[in-house]
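Q: Predicted model, plus sequence, below.
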Amino acid sequence: MDKYVIKGGSPLVGEVEIGGAKNAALAILTAALMTDEPVRVENIPDVSDINVLLEAIAVIGAQVDRIDRHAVVIDGKTIGSVSVDYEFIKKIRASYYLLGALLGKYKHAEVPLPGGCNIGSRPIDQHLKGFRALGATVNIRHGVIVASAENLHGAHIFLDMVSVGATINIMMAAALAHGNTIIENAAREPHVVDIANFLNSMGANIKGAGTDVIRIRGVEKLHKTTYAIVPDMIEAGTFMFAAAATCGDVLIKNVIPKHLEAMTAKLTEIGCEVQEFDDALRVIAKSRLGRTHVKTLPYPGFPTDMQPQISVALCLANGTSIVTESIFENRFKYCDELARMGALIKVEGNTAIIDGVDGFTGARVSAPDLRAGAALVIAGLAAEGITVVDDIIYILRGYEDFDQKLRGLGAEIERVEDERGIQKFRLRVG
């Protein structure tokens, strides 16, 4: 199985370009099925989650034409099945968006319960609550969610908790329901806005995305469109904290600075200089970082998907920091791996108490999930000596050309297949 091998200790310096948002792309590619006309989606990231979803879409009968690495044309008029195979669902959690898309278009969908990274309990009860409010009958049979309706109708839905997935799924189904739907306590994340904008470009009538109240007037059908996906704020944030942890100077291009304000505020707080431009950010870390406290919250709060990355930076900061995880209960599994590199972290429930150390030393570690895997790579870049990160299959789910982009910033990192590749790297870097 592939792994990253890293020689750390050098600051990251240079420019890096951010790709399209994986989390937006997964929902948008699914929503593209909701019309019988061809839909062109651009700026998609070339990562394994996207490729698995496109394969699943093709298997149910849609035409999928990969124009190039970052663009695809999807035609949903040839869909022959509303039942999705478990082999795809177990690989990517976001395949549950097929529920909202197929239910909206065909008034019937059968999708196995989802998989993805094991970062904690992520129930889909709010999704099912929304579908039922729209008039669907929803049952779980043999591990498969079966949703069907003679007709979907508008409804007033108050989500018991802020849920990105439920907001998007209900929004998709409601776009083709009769009448008006109001979603209260809706998620406000940038990719929720992006999906609403995409659906509107297909003829949907959705207002209020980006606030906690979304209003949807159902339409009879959707039409073709061409749409470019928003830049990935989590990829951008990962490079921002990589620059901080390595005392680097990195210009991060193709971003929307407004989406990154929670990360920018924390970087400034711990002593980095952050320069904002129209579509770029520059992060400069000239000296040892300072301590801070972080609590993950729904957008516009600090993102849970950035919690492992900031924790790595805080492990190298001067003083004691406290990181509180309020979204997913299993998000601290990487802490044992960081301890192998010299980190001083004590996890108590949903809180990590971090005593900053002078530096990391290279070690062999395993990525427990997507974002934690990226954080361990950052730790390796900051460490003295050689670090090997195993199980990078998780990292490949959400970061395109991660090692190549890091090499462009001066990092000594390679993706290798086996122990022989590790030895070759050791000999080359000395």
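A: All right, it came through fine.

Q: Pull out the buried residues from stretch 232-245.
A: Buried residues in stretch 232-245, defined by neighbour count with 16 or more other CB atoms under 10 Å: 232-245. Every residue, glycine included, has its C-beta placed from N, CA and C.

Q: which among these gets closest to Val138?
A: The closest of these to Val138 turns out to be Ile234 (CB to CB; 30.4 Å).

Q: Quick check: the closest one vs Glu189, distance?
A: 10 Å (CB to CB, to the nearest Å).

Q: swap in Arg40?
A: Taking CB to CB, one finds Arg40 at 24 Å from Glu189.

Q: next one: Ile157
A: Distance from Ile157 to Glu189, by CB to CB: 18 Å.

Q: And the lowest-mean-pLDDT helix or strand in the chain, what does it pack against?
A: In the chain, no helix or strand scores lower on mean pLDDT, DSSP states H and E than helix 86-89, which sits at a mean of 72. Here helix 86-89 touches helix 48-59, strand 108-112, going by 3 or more CB pairs under 8 Å, 6 or more residues apart in numbering; DSSP states H and E.

Q: Using CSV, list the CA coordinates for the very next helix or strand once past that helix.
A: Note on helix 86-89: by DSSP states H and E, the next helix or strand toward the C-terminus is helix 97-106. Output of helix 97-106 as CSV, limited to C-alpha atoms (Å, rounded to 0.1, in the frame of the first residue of the first chain):
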residue,chain,number,x,y,z
TYR,A,97,-26.7,12.7,-1.7
LEU,A,98,-28.0,10.3,-4.3
LEU,A,99,-31.0,10.0,-2.0
GLY,A,100,-32.1,13.6,-2.3
ALA,A,101,-31.3,13.8,-6.0
LEU,A,102,-33.0,10.6,-7.1
LEU,A,103,-36.0,11.1,-4.7
GLY,A,104,-36.4,14.6,-6.1
LYS,A,105,-36.3,13.5,-9.7
TYR,A,106,-37.8,10.1,-9.7
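
Q: Would you map the helices across the stretch 301-430 of the chain?
A: With helices called from DSSP state H, counting those that start in this stretch, the stretch 301-430 of the chain shows them at 307-315, 335-340, 370-382, 393-396, 402-407, 419-429.

Q: for those, which one sits closest to Gly9?
A: Of all the helices of the stretch 301-430 of the chain, helix 370-382 comes closest under CB to CB, at 7.6 Å.

Q: Go through that closest one and flag the buried ones.
A: 370-382.

Q: can you check stretch 362-369 too?
A: So for stretch 362-369, counting by 16+ other CB under 10 Å, buried means 362-363, 365-369.

Q: from what I can see Ala379 touches Gly359, true?
A: No: applying CB atoms under 8 Å, one finds Ala379 not in contact with Gly359, separated by 10.5 Å.

Q: Common neighbours of these two, please.
A: Common contact partners of Ala379 and Gly359 (CB atoms under 8 Å, 6 or more residues apart in numbering): none.

Q: Could you dump the helices and strands packed on helix 86-89 into TSV with mean pLDDT added?
A: Shown next, in TSV, are the helices and strands packed on helix 86-89 (pLDDT from 0 to 100):
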stretch	mean pLDDT
helix 48-59	92
strand 108-112	91
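
Q: Need the winner for burial among the ones you listed.
A: Comparing the helices and strands packed on helix 86-89 by mean neighbour count (mean count of other CB atoms under 10 Å), strand 108-112 ranks first with a mean of 22.

Q: contacting residues around it?
A: 82-86, 89-90, 95-96, 98-99, 101-103, 143-149.

Q: Quick one: buried ones out of these?
A: 82, 84, 89, 95-96, 98-99, 101-103, 144-149.

Q: so who does Asn197 touch?
A: 209, 227.

Q: what mean pLDDT does the helix or strand hosting it have?
A: In the assignment (DSSP H and E), Asn197 maps to helix 190-201. For helix 190-201, mean pLDDT is 98.

Q: Would you indicate which residues of it are buried?
A: Quick answer for helix 190-201 (16+ other CB under 10 Å): 190-200.

Q: picking that back up, got the buried residues of stretch 362-369 as a markdown table, with distance to Lys333 columns?
A: Below are these laid out as a markdown table (distance: CB to CB, whole Å):
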| residue | distance to Lys333 |
| --- | --- |
| Gly362 | 20 |
| Ala363 | 16 |
| Val365 | 11 |
| Ser366 | 10 |
| Ala367 | 10 |
| Pro368 | 4 |
| Asp369 | 7 |
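
Q: From these, which land in strands?
A: Per DSSP state E, strands hold the following members of those: 365-366.

Q: nearest to Val138, of the buried residues of stretch 362-369?
A: Closest to Val138, out of all of these and judged by CB to CB, is Asp369, at 28.4 Å.
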